[in-house]
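> Coordinates for the following, if possible.
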Amino acid sequence: LGVAEENQYAASIRTSGRTLLSLINDILDLSKIEAGRLELELAPVNPREVFDEICHMFAPNIRAKGLAHSIRIDPQLPPALMLDEVRLRQVLFNLIGNAVKFTEKGSIDLRVESRGEPANGHIDLVVSVADTGVGIADHLQEEIFEAFQQQPGHGALYGGTGLGLSISQRLVQMMNGRLTVQSHLDQGSIFTIHLRSVAITPAAPDGIKRHVADDDIEHFRTATVLIVDDIVQNRLLLINFMRHLPVTVLEAENGREALALTGSQKIDLVLLDMKMPGM
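Numbers count the residues shown, from 1 in each chain. I've put the predicted structure just below:
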């Protein structure tokens, strides 16, 4: 095989792998929700940071398609709310991802409103994602929230698993809210999250610089990094990612090896798999 063919096959394998991983993760999430095994983890969250970061993530894709986009956040939105940040991000990622996927011209807009009296210690949080994409037929606007449901022909044309909206709706319901849609074919859609009685917390999380310019990576000082993961491909991926950095990389495939290495030499940074067999 020539280099071009090898690259094409590798790209195809990578795309298929990502699609399969996405499907597996979605099915696992849906199974946990249906079995009542998925629990929300509420904590103080700076909502503006969440919305800004999600929009930042999709900005390159939006620019690549030549779309206009905007984000409008209610100035009355409290600086900190009790939310499950991970699940809120998951819902926003699905909604904005769909908007980008199904919009070829026009715009994508995010609106965030704070309703109610903050003095009462709670607000209603309303988030809408509007696009000028393909839209959804009237008779399908309820069905699209069912698992594995897509508009006819969209699966082959746009890809996807048909699980994102179903999972998003159930997560929003778990957060004491509802997810609705207004749409017209060939005119676009507006998906709205309405979270009721979200608690205001007096202390915002410590500010974290979430985005680091790519150039800053060049200033990474000389260090020793330990990668702990029982899957060799994961270790190789991280090693390859750091190959241009001034770091010495050590590997461990289980917790005991990791402890032995940290006890025998100076480690500056440990990249640790969350769950591994044995320890």
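> Am I right that residue 130 sits in a strand?
Yes - using DSSP: H, G, I helix; E, B strand; the rest coil, the secondary structure at residue 130 is a strand.
> That one is in contact with residue 190, isn't it?
Yes - with contact defined as Cβ atoms under 8 Å, residue 130 counts as touching residue 190 (4.4 Å). Glycine gets a C-beta too; all of them are placed from N, C-alpha and C.
> Look at these two and report which has more neighbours.
It is residue 130, of residue 130 and residue 190, that has more neighbours when counted by other Cβ atoms under 10 Å, with 19 against 16.
> do you know how far the more buried one is from residue 145?
Remark: distance between residue 130 and residue 145 (Cβ to Cβ, to the nearest Å) = 18 Å.
> Equivalent analysis for residue 127, please.
In this view, residue 127 and residue 145 are 17 Å apart by Cβ to Cβ.
> who has more neighbours, those two?
Higher neighbour count among residue 127 and residue 145: residue 127, with 24 against 16, using other Cβ under 10 Å.
> Mind listing the strands whichever strand or helix holds the more buried one pairs with, and their directions?
When elements are assigned from DSSP states H and E, residue 127 belongs to strand 122-131. On the basis of DSSP bridges, the sheet neighbours of strand 122-131 come out as strand 107-115 (antiparallel), strand 188-199 (antiparallel).
> how about those, which one is nearest residue 89?
Ranking the strands paired with strand 122-131 by proximity to residue 89 (Cβ to Cβ) places strand 188-199 first, at 12.2 Å.
> Give me the mean pLDDT for the helix or strand just after the closest one.
Per DSSP H and E, the first helix or strand lying C-terminal to strand 188-199 is strand 223-228. The pLDDT scores in strand 223-228 average 93.
> what comes up buried for strand 223-228?
Within strand 223-228, the residues that qualify as buried by neighbour count (16 or more other Cβ atoms under 10 Å) are 225, 226, 227, 228.
> got it, and stretch 230-249?
Within stretch 230-249, the residues scored as buried using 16+ other Cβ under 10 Å are 230, 235, 238, 242, 247, 249.
> Residue 99 is in contact with residue 131, isn't it?
Yes - judged on Cβ under 8 Å, residue 99 makes contact with residue 131 at a distance of 3.9 Å.
> Many thanks, we can stop here.
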